[in-house]
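Q: Structural data only, the sequence is not supplied:
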């Protein structure tokens, strides 16, 4: 799966490409708007990551050209400016998501994955599973090693998200947004507490832990060898 | 053009004009009065002479008449006489200098003939006979007229001089009277970003200027306050960033001083990441506040059911509250047009604070009151409360009521309440805090849109 990054700030671009490559994506990086537009119009990419301010052609113009060419490629904008008009402008032109610098890379990765997943058809799962943890989506029940675990509605939603995106590091802001629909910057430690409480129910009584904290980035649900 | 004239010049000119008008008026009155007086005197004199002359002329002895007439006239050197028949033929002129044409009107009149001025009195010789010969008495009044002319020149001179004098005196007086204004100007001129503490001496100002001085002082006080806050804000930013930056520098340098295990490097990077994230959050929050300061926070206006919004927030904070053993509740409901995410953020900052400062087993209550003009939301928590002198500073940037959280590196930069207030203000609302009887209460008033 190939991604295109158009970013004129060399360091930012290189770090983005490195980070995305290591996350398993094949990413091309260009630094100017004109080359960026040519590549974007080739249709070879599954996702475009565009900086707004670019030499040659700015991000808006590239997006416009892509949509005019009838391409549905998802587009994620990066911008240093957080003006409301910018955001509205971008969404009107058909941008799919929007990140304001400075952003955390984990946030970018999570959003990239969300955008790529959006296209693929979601099969109707009836249950989710990792190791001996099993989540029954129909009866809203959770079991681990055959033992029933009682969760509140929000804890269930949180665990469901972790399970659906197992192996991905999920930043706190993304969790707050997806589980509680809280779409704002917040320095509250609600998510930490919620994860801690979920851990008590899911992990505490079992030798192998499934919920892991990635310091400074977020949380991940995965099976790790002891 | 007029606007460029100084106040003193205007006042001086005004004074001068007033003086000129008044002295001119007085002069004209005086001059008219003297002229009337002269006319009266002349009339008396001429009528007296007329009686004498009539008597002299009644004698029909021609020679005697002539002598008596000359006798009568010689007593008054400036007097001349012309006698005409009732048919207009000149019978007699006492002097050759008498002008040929004289006024015909009966009674007193004035005549100017070259350099000489005359007062002329026409009267019949025999008042009771219609065909009587006509007497014309001429009195040389040139010296009177000269006197009057001198007087007039004197009057004009007085008008001019007194106007000039008042203009000068007026200018001086005006400059003196306007001295407080110049002092105000000097003080205002000394005000700069570095010295906003200068104040006008209000008590020493004349009554007319005291009000202006008061307004200017109030303006200076407001500027000073805003400027102090701004300076403090900049200093605070530097201070807040300095702590994590120095942590980063030290930690990175120490880590690089020698070879370490991958775990150590990972630990170092994680630690740096935490500092960096804290800084990124701080910068984002400050940008948010800067946008609010520039009026760039433009809230979306969507219809919000506040009970539902608050319930969602309470659900969000439920893990935190349960952990802290704090009971949370909501009462009332209200509808408002506002920005969902912004208002959630504002309320979430209040709830986060409330939960943090509520003691074990305490309570956090959200009350919504839907009034006609707006919606009032109060977020209150039980606990020790905040002392009254700290309440006004609560919404200041970087202000932390909890001294334990003074330094950076804590999770809370102390911008939460400032952001909340900015959001409420962007919605044209107000927020304030009160603390009494073991309850701390944040009151939000959001106006309804018409």
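A: Yep, it's here. Remember, it's a predicted structure, so these values are computed and weren't measured experimentally. Residues are numbered from 1 along each chain as shown, chains lettered A, B, ... in the order given.

Q: Which parts of chain A are strands?
A: Counting by DSSP state E, chain A has strands at residues A:2-6, A:26-30, A:47-51, A:75-79, A:97-100, A:127-130, A:133-136, A:141-144, A:147-149, A:211-214, A:218-221.

Q: likewise the stretch 51-200 of chain B?
A: B:79-84, B:90-93, B:107-113, B:116-124, B:134-140 (DSSP state E, counting those that start in this stretch).

Q: For these, give me JSON lines that also has mean neighbour count.
A: For glycine as for every other residue, the C-beta is placed from the backbone atoms N, C-alpha and C. Output for those, formatted as JSON lines (neighbours: other CB atoms under 10 Å in any protein chain shown):
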{"stretch": "strand B:79-84", "mean neighbour count": "20"}
{"stretch": "strand B:90-93", "mean neighbour count": "13"}
{"stretch": "strand B:107-113", "mean neighbour count": "14"}
{"stretch": "strand B:116-124", "mean neighbour count": "20"}
{"stretch": "strand B:134-140", "mean neighbour count": "21"}
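
Q: for the ones you listed, which one sits closest to residue B:392?
A: Among the strands of the stretch 51-200 of chain B, the nearest to residue B:392 by CB to CB is strand B:107-113 (89.2 Å).

Q: Looking at the strands of chain A, which one is packed in the most?
A: Neighbour counts (mean count of other CB atoms under 10 Å in any protein chain shown) averaged over each of these peak at strand A:47-51, with a mean of 26.

Q: packing partners for that strand?
A: strand A:2-6, helix A:59-68, strand A:75-79, helix A:105-119 (3 or more CB pairs under 8 Å, 6 or more residues apart in numbering or on different chains; DSSP states H and E).

Q: again, only using 6 Å
A: If you count contacts as 3 or more CB pairs under 6 Å, 6 or more residues apart in numbering or on different chains; DSSP states H and E, strand A:47-51 packs onto strand A:2-6, helix A:59-68, strand A:75-79.

Q: Run through the residues of the stretch 201-350 of chain B sitting next to chain A.
A: B:270, B:273-274, B:277, B:280-281, B:284, B:298, B:316, B:319-320, B:323, B:341, B:345, B:348 (CB under 6 Å from any CB of the partner chain).

Q: and the residue of chain A nearest chain B?
A: Using CB to the nearest CB, residue A:216 is the residue of chain A that sits closest to chain B, at 3.3 Å.

Q: Skip the chain neighbours and tell me the closest residue to that residue.
A: residue B:273 (3.3 Å; CB to CB, 6 or more residues apart in numbering or on different chains).

Q: quick one, the host helix or strand of that neighbour and helix A:105-119 angle?
A: According to DSSP states H and E, residue B:273 maps onto helix B:262-293. Going by axes from the mean of the first three to the mean of the last three CA atoms, to 10 degrees, helix B:262-293 is angled at 80 degrees with respect to helix A:105-119.

Q: Now helix B:262-293: buried residues?
A: Neighbour counts using 16 or more other CB atoms under 10 Å in any protein chain shown place B:268-269, B:271-279, B:281-282, B:284-286, B:288-289, B:291-292 of helix B:262-293 among the buried residues.

Q: What are the phi and psi values at the closest residue to chain A within the stretch 51-200 of chain B?
A: Using CB to the nearest CB, the single residue of the stretch 51-200 of chain B nearest to chain A is residue B:193, 28.9 Å away. Backbone geometry at residue B:193, expressed as degrees, to the nearest 10, gives phi -60, psi -30.

Q: any low-confidence regions in chain B?
A: Applying pLDDT under 70 to chain B picks out residues B:1-3, B:59-62, B:400-413, B:450.

Q: Actually, chain A.
A: By pLDDT under 70, the low-scoring segments of chain A are A:81-88, A:119-124, A:226.

Q: need the residues of it near chain B, please.
A: Within chain A, the positions adjacent to chain B are A:84, A:102, A:180, A:182-188, A:190, A:193-194, A:197, A:215-216 by CB under 6 Å from any CB.

Q: what about 7 Å?
A: By the criterion of CB under 7 Å from any CB of the partner chain, the positions of chain A lying close to chain B are A:82-84, A:102, A:104, A:154, A:180-190, A:193-194, A:197, A:215-216.

Q: And the buried ones among the residues you listed, selectable in ChimeraX?
A: Here is the ChimeraX command that selects the buried residues among those (16+ other CB under 10 Å):
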select /A:82,104,154,180,182,184,185,186,187,188,189,190,193,194,197,216
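
Q: Helices - which of the residues of chain A next to chain B land there?
A: Members of the residues of chain A next to chain B lying in helices (criterion: DSSP state H): A:84, A:154, A:180, A:190, A:193, A:194, A:197.

Q: what's the nearest residue to the last one if we skip its chain neighbours?
A: Just to be clear, that refers to residue A:197. The shortest distance from residue A:197 to any non-neighbouring residue, by CB to CB, 6+ apart, is to residue B:319 (5.4 Å).

Q: could you say which helix or strand contains that neighbour?
A: With DSSP H and E as criterion, residue B:319 is part of helix B:306-324.

Q: Which among the strands of the stretch 51-200 of chain B is found nearest to residue B:396?
A: It is, among the strands of the stretch 51-200 of chain B and with distance given as CB to CB, strand B:107-113, at 92.0 Å.
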